[in-house]
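**Q** Attaching a predicted model along with its sequence, questions to come.
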Amino acid sequence: MKRTFQSLSSALIGLLLVTLVQNSGITVSDASTASPTAIDPTLLHTLQVRYKTLGKQLTQLMPTQPYILVDTARNHLYIKRGDQVVLDALASTGSGTILDKPGDSKGQWIFDTPRGEFTVQSRLTNPVWVKPDWAFIEEGLEVPGSQADRVEAGVLGEYALGFGKGYFIHGTLYPRFLGKNVTHGCIRLNDDDLKRVYHLAKVGTSIMIF
Amino acid sequence: MNVLRTILSILLSLPSVSWAAEQEVIATLDLTDPAALQEATRVLEEEIKLAARPQTYVLIDLEAKAILIKSRGVELHRLQIERWSASHFSQLATAYHLLERPPINRRKINPIAGTDQDPISLADMPTTFTLRLSPPLTLLVISHTDGNLWQWAIQRGHAWWHRLTSWGITLWTGNRPPSSLSLHLTVSLDHARSLAWTVTEDMPFLIRRTTIP
């Protein structure tokens, strides 16, 4: 009995060890070192030419005009021209909170600022806010039937830049919240920064958000 | 007058064109190393495809020990890698897509309570997490613990659990699990949180390997 148990356990251990070795693969780490090899000059030249060509192709995809860069984690909006930072503004971006849609057991709004690349689609002066459903539901109010009851003036600042799906770069009545994630997805700026962004950005200007 | 205006507009556009041409696309590249060049061209070929579309993507540059958040070839943000290790290293040669973000504990707004919920912030992001990519690749992000023994133990446990489950699946089914390709990245606490914050579902990932034979 004892011998059977011993041979069974050693077989199991053996199997486990074989499996470990087979599945560990070759583990490479940053501490590994390379060994020297002979260099073929023709191959090297071909690779250098290919690398330069591809490098040019990639740089041609980079924006040549000023673009807007938004860091949602640190709540900053930058305007950049190449490597040069033209404007560094404190911003407020999406809070990441969620709100259930009443009467829809699975539906909910997630208040994130969208990530990715967008373009300025509209430039507005003295914008008014047409309050969406969530703005009422969040405050425990009934959603009005009339469009006129949704309009609120003077809360978005003097300018707004739309970048699609109802998202805007706009002003704020609460500058003390700049630098924090408090919005429903829009990007808020103080009055001075908003004015500069409005004048620097055109319709079509890239907005890169991460 | 029109000619003068045309000349002036050409001259004004020159700085931006020359800026683009002077950019060094891969900073830490030894142009006399064929293996490094081969890897760099492979990555550039993949990156050109990604940069041609309006999206952000992640380039894990193991040679530069950096995680780069990029869009249109432009580096938007850089996170430093302190240490890394990889299994089946030679196979990490394709473009990947993130299957899902690390889970985030989002606060729910309660309209009846009438109180504002705390927004999520970087501090809410996980510091050790696994990213599953497609084609199958497991990216284990571990934050540098700065001598915090408890956190170190949790992270080691996390890494060992991952290995044990892979081996267990193999032992049980006789097949290699699809996630056997793995890359472990050790980054600072802030950078781990930043990465968890930044990644989005379906986000493309590229890996530039070091030139180890």
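**A** That came through, no problem.
**Q** how deep is residue A:119 tucked in, by neighbour count?
**A** Residue A:119 is flanked by 16 other residues according to other C-beta atoms under 10 Å in any protein chain shown. Backbone N, C-alpha and C define where each C-beta goes, glycine included.
**Q** do residue B:93 as well
**A** Neighbours of residue B:93 under the rule other C-beta under 10 Å: 14.
**Q** Looking at per-residue confidence, what score does residue A:123 get?
**A** We have a pLDDT of 98 for residue A:123.
**Q** which SSE is residue B:160 in?
**A** With secondary structure defined by DSSP states H and E, residue B:160 is part of helix B:149-173.
**Q** Give me the average confidence score over that helix.
**A** 72.
**Q** so where do the helices sit in chain B?
**A** Assigned by DSSP state H, the helices in chain B fall at B:2-22, B:34-51, B:149-173, B:189-198.
**Q** buried residues in the second one?
**A** Right, the one you point to is helix B:34-51. For helix B:34-51, the neighbour count (16 or more other C-beta atoms under 10 Å in any protein chain shown) marks B:34-37, B:39-44, B:46-48, B:50-51 as buried.
**Q** And for stretch B:102-110?
**A** Quick answer for stretch B:102-110 (16+ other C-beta under 10 Å): B:102, B:106, B:109.
**Q** In chain B, where's the longest strand?
**A** strand B:74-87 (DSSP state E).
**Q** In chain B, where is pLDDT below threshold?
**A** B:1-24, B:114-117, B:145-149, B:151-152, B:154-155, B:158-159, B:162, B:166, B:175-179, B:212-213 (pLDDT under 70).
**Q** typo on my end, chain A
**A** Along chain A, the model assigns pLDDT under 70 to residues A:1-26, A:31-37.
**Q** What are the boundaries of the helices in it?
**A** Applying DSSP H to chain A gives helices spanning A:2-24, A:41-61, A:133-138, A:191-200.
**Q** What are the contacting residues of the shortest one?
**A** I take that to be helix A:133-138. The contact list for helix A:133-138, computed with C-beta atoms under 8 Å, 6 or more residues apart in numbering or on different chains, reads A:99, A:101, A:102, A:109, A:142, A:143, A:144, A:184, B:109, B:111.
**Q** nearest to residue A:128, of the residues you listed?
**A** Nearest to residue A:128 among these, counting by C-beta to C-beta, is residue A:144 at 15.1 Å.
**Q** Could you check how far the nearest residue to the closest one once chain neighbours are set aside is from residue A:49?
**A** In this structure, residue A:144 finds its nearest non-sequential neighbour in residue A:150, 6.1 Å apart by C-beta to C-beta, 6 or more residues apart in numbering or on different chains. Computed as C-beta to C-beta, to the nearest Å, the residue A:150 to residue A:49 distance reads 60 Å.
**Q** residues touching the residue most central in space within chain B, list them.
**A** Geometric centre of chain B, nearest residue: residue B:58, 4.0 Å, by C-alpha atoms, centre = their mean. Each residue near residue B:58 by C-beta under 8 Å, 6+ apart is listed here: B:67, B:68, B:69, B:70, B:198, B:199, B:203, B:204, B:205, B:206.
**Q** Tell me which two of these sit farthest apart.
**A** Greatest spatial distance among these (C-beta to C-beta): B:198 and B:206, at 14.9 Å.
**Q** quick one: which of residue A:150 and residue A:49 has more around it?
**A** residue A:150 (17 against 12).
**Q** was I right about the more buried one contacting residue A:128?
**A** No. Counting by C-beta atoms under 8 Å, residue A:150 stays clear of residue A:128, with 9.6 Å between them.
**Q** roughly how far is stretch B:119-127 from the heart of the chain?
**A** 18 Å (C-alpha atoms, centre = their mean, to the nearest Å).
**Q** quick check, it touching chain A?
**A** Yes. Judged by C-beta under 8 Å from any C-beta of the partner chain, stretch B:119-127 and chain A are in contact via B:119, B:120, B:121, B:122.
**Q** Apart from its chain neighbours, what residue comes closest to the third one?
**A** Yep, that's residue B:121 we're talking about. Spatially, and ignoring its direct neighbours in sequence, residue B:121 is nearest to residue A:181 (5.9 Å; C-beta to C-beta, 6+ apart).
**Q** can you count the residues close to the one you found?
**A** 25.
**Q** who's in contact with it?
**A** Listed by C-beta under 8 Å, 6+ apart, the contact set of residue A:181 reads A:72, A:75, A:92, A:93, A:94, A:95, A:96, B:119, B:120, B:121.
**Q** What about those, which are in strands?
**A** Of the positions in the contacts of residue A:181, A:93, A:94 sit in strands, assigned by DSSP E.
**Q** Only the buried subset of the contacts of residue A:181, as a ChimeraX command please.
**A** Buried members of these can be picked out in ChimeraX with the line below, counting by 16+ other C-beta under 10 Å:
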select /A:72,75,92,93,94,95,96 /B:119,120
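**Q** And the contacts of residue A:181, which two are furthest apart?
**A** Between any two of these, the greatest separation by C-beta to C-beta is 13.4 Å, found for A:92 and B:120.
**Q** re the thing from before, what residues are bridge-paired with the residue nearest to the centre of chain B?
**A** When bridges are called by DSSP bridges, residue B:58 pairs up with residue B:69, residue B:205.
**Q** All set, thanks.
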